[in-house]
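In: what would the 3D arrangement of this be:
(one chain, ligands or ions: 1)
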Amino acid sequence: MSKNFPDASPETLAAQALGFVEPLTGAVTPPVYIASTYEREADLTYARGHIYGRPDNQTVRLAEGVLTKLENGTASLLVASGMSAATGIFMALKPGDTALVPEVMYWGVRKWLNEWGAEWGVKIVYYQNDDMAALKALTEQHRPALIWAETPSNPMWTVTDLAEAARIAHSVGAKLAVDSTVATPVLSRPLEHGADLVMHSATKYINGHSDVIAGAIVTAKEDDFWRRIVAIRKDVGTIIGPFEAWLLLRGMRTLHIRVRAASANAMAIAQHFEKHPKLERMLYPGLPAHPGHAIAARQMSGGFSGMLSMRVKGGEQKAIALAANLKLFKRATSLGGVESLVEHRRSIEGDTSPVPGDLLRFSVGIEKIEDLIADLEQALAAI
Ligand code: PLP
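Out: This next block holds a predicted model:
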């Protein structure tokens with residue numbers, strides 16, 4: 001922890017990995033602790049707080065410490081993927097519990113809930129992401145144990161009012177958990193809006209270099225529900241590996257500048273192409289025409305993320321042709337890296353997907369904006 005500036009801003013603490021200096025050599029970057037087991041004292045205690053690598057790893061704890069600061073929480077857990085973070089929260093529910101989840105959400109979580117939720121004994125009820133009156137009515141009807149939100153939600157970028165969702169959840173004693181992968185703690189801190197848990201696919205912006213699969217959960221309180229989540233990570237064995245935790249530590253040191261640069265690029269692209277004659281619609285919460293703009297502007301600061309989607313005139317084939325024409329944007333899944341990506345989501349998600357076929361999702365990176373705009377211009381001109 002930063003000895004000299006204990007009250008430094010999260011941005012400063014992240015840049016310095018909480019001011020870490022390794023005591024043996026003075027190294028300003030932490031080592032990777034790779035031990036799977038730790039020495040016991042003669043009296044059989046573990047005075048140094050580490051027993052075995054499945055629950056205990058100092059590189060993991062360091063990275064968790066940074067993330068806890070960034071989200072303004074009280075504790076964090078790093079796990080092997082965003083999916084193991086999301087499912088770890090749902091697995092902490094009890095058979096017979098109900099979870100309210102949004103219609104538009106990361107498809108992998110929706111798929112897992114549809115395939116396993118019922119078998120797990122958890123009832124899943126869907127709500128429309130941006131309809132808080134409907135969420136309230138469903139909450140009163142079903143009295144859920146958990147409300148799940150994802151904002152902006154992948155890949156339509158619908159915005160959910162977090163403060164209102166938290167009030168609704170708490171009115172029946174439910175928890176609000178938020179997949180904040182796209183917003184990142186740079187742009188939005190859901191716990192400050194009343195959420196109980198924040199989840200990230202740390203594969204995305206938290207790492208930022210498209211070379212780690214990781215997930216994270218941050219909690220507002222270390223209560224019984226949190227202790228169940230901690231026990232699941234330990235007992236199921238989903239802890240992140242030490243090398244991956246170290247890469248996350250390195251990624252978080254530049255999180256703020258990466259996210260701000262990607263958000264500025266995405267905003268420039270959204271504004272430049274919003275009225276393009278070959279596009280049906282530009283989906284980006286930073287545009288005043290976006291239905292969720294006012295709420296996004298209230299609960300996000302410093303930008304609206306690097307993610308946007310375009311609906312292409314002429315339907316699915318034209319959208320696929322546009323992606324085929326792009327030269328700088330790589331056709332690849334995932335998001336949140338420094339390089340720009342484009343993806344036709346419908347062909348990934350399949351026919352049960354609510355995503356329209358004419359939609360292309362863009363993860364805007366930190367390249368020079370003129371190059372990205374020129375690439376999109378030439379690709380649009382060619383369809
Ligand atoms: N949540 C969101 C919003 C995502 O975009 C993703 C992955 O694309 C996930 C969760 C799942 O994360 P992971 O691929 O790290 O398991």
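In: burial count for the closest residue to residue 341 other than its chain neighbours?
Out: Nearest residue to residue 341 in three dimensions, chain neighbours excluded: residue 363, at 4.3 Å (CB to CB, 6 or more residues apart in numbering). (Each C-beta comes from the backbone N, C-alpha and C, glycine too.) Using other CB atoms under 10 Å, residue 363 has 28 other residues around it.
In: show me what contacts whatever residue of the stretch 201-350 of the chain ends up closest to the ligand?
Out: Closest contact between the stretch 201-350 of the chain and the ligand, by CB to the nearest ligand atom, is at residue 201 (3.1 Å). Residue 201 makes contact with 81-83, 85, 106, 179, 181, 214-215, 336, according to CB atoms under 8 Å, 6 or more residues apart in numbering.
In: what ranges do the helices span in the stretch 151-300 of the chain?
Out: Counting by DSSP state H, counting those that start in this stretch, one finds helices in the stretch 151-300 of the chain at the ranges 162-171, 184-187, 224-232, 242-253, 255-273, 293-299.
In: got TSV for those helices, with mean pLDDT, mean neighbour count and distance to the ligand too?
Out: Shown next, in TSV, are the helices of the stretch 151-300 of the chain (pLDDT from 0 to 100; neighbours: other CB atoms under 10 Å; distance: least, CB to the nearest ligand atom, whole Å):
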stretch	mean pLDDT	mean neighbour count	distance to the ligand
helix 162-171	98	20	15
helix 184-187	98	26	11
helix 224-232	98	16	16
helix 242-253	98	22	11
helix 255-273	98	20	14
helix 293-299	98	17	16
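In: for these, give me CSV that also has distance to residue 306.
Out: Below are the helices of the stretch 151-300 of the chain laid out as CSV (distance: least, CB to CB, whole Å):
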stretch, distance to residue 306
helix 162-171, 20
helix 184-187, 9
helix 224-232, 29
helix 242-253, 15
helix 255-273, 3
helix 293-299, 14
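In: the ones you listed: which one's closest to residue 324?
Out: Smallest distance to residue 324 across the helices of the stretch 151-300 of the chain (CB to CB): 17.6 Å, for helix 255-273.
In: who touches that closest one?
Out: In contact with helix 255-273 (CB under 8 Å, 6+ apart) are residues 11, 14-15, 70, 184-187, 205-206, 208, 279, 282, 284, 286-287, 302-308, 310, 336, 338, 340, 362, 364-367, 369, 372-373, 376, 380.
In: quick one, which of those residues are buried?
Out: By neighbour count, with 16 or more other CB atoms under 10 Å, those hold 14-15, 70, 184-187, 205-206, 208, 279, 282, 284, 286-287, 303-308, 310, 336, 338, 340, 362, 364-367, 369, 372, 376, 380 as buried.
In: number of nearby residues for the residue of the chain found nearest the ligand?
Out: Residue nearest to the ligand within the chain: residue 82 (2.2 Å; CB to the nearest ligand atom). Around residue 82 there are 24 other residues, counting by other CB under 10 Å.
In: my read is that it contacts residue 182, right?
Out: No. Between residue 82 and residue 182 there is no contact under CB atoms under 8 Å: 11.4 Å.
In: between the two, what contacts are shared?
Out: With CB under 8 Å, 6+ apart, residue 82 and residue 182 have common neighbours residue 204.
In: between the contacts of residue 201, which is nearest residue 112?
Out: For the contacts of residue 201, the nearest to residue 112 is residue 83 (6.9 Å; CB to CB).
In: phi, psi of the closest residue to the closest one other than its chain neighbours?
Out: Distances taken as CB to CB, 6+ apart put residue 108 closest to residue 83, at 5.7 Å, once the chain neighbours are dropped. Backbone torsions of residue 108, given as degrees, to the nearest 10, read phi -70, psi -40.
In: so residue 108 makes contact with residue 84?
Out: No. Counting by CB under 8 Å, residue 108 does not reach residue 84; the two are 11.1 Å apart.
In: neighbour count winner among those two?
Out: A count of neighbours by other CB under 10 Å puts residue 84 above the other of residue 108 and residue 84, at 23 against 17.
In: roughly how far apart are that one and residue 177?
Out: As judged by CB to CB, to the nearest Å, residue 84 and residue 177 stand 14 Å apart.
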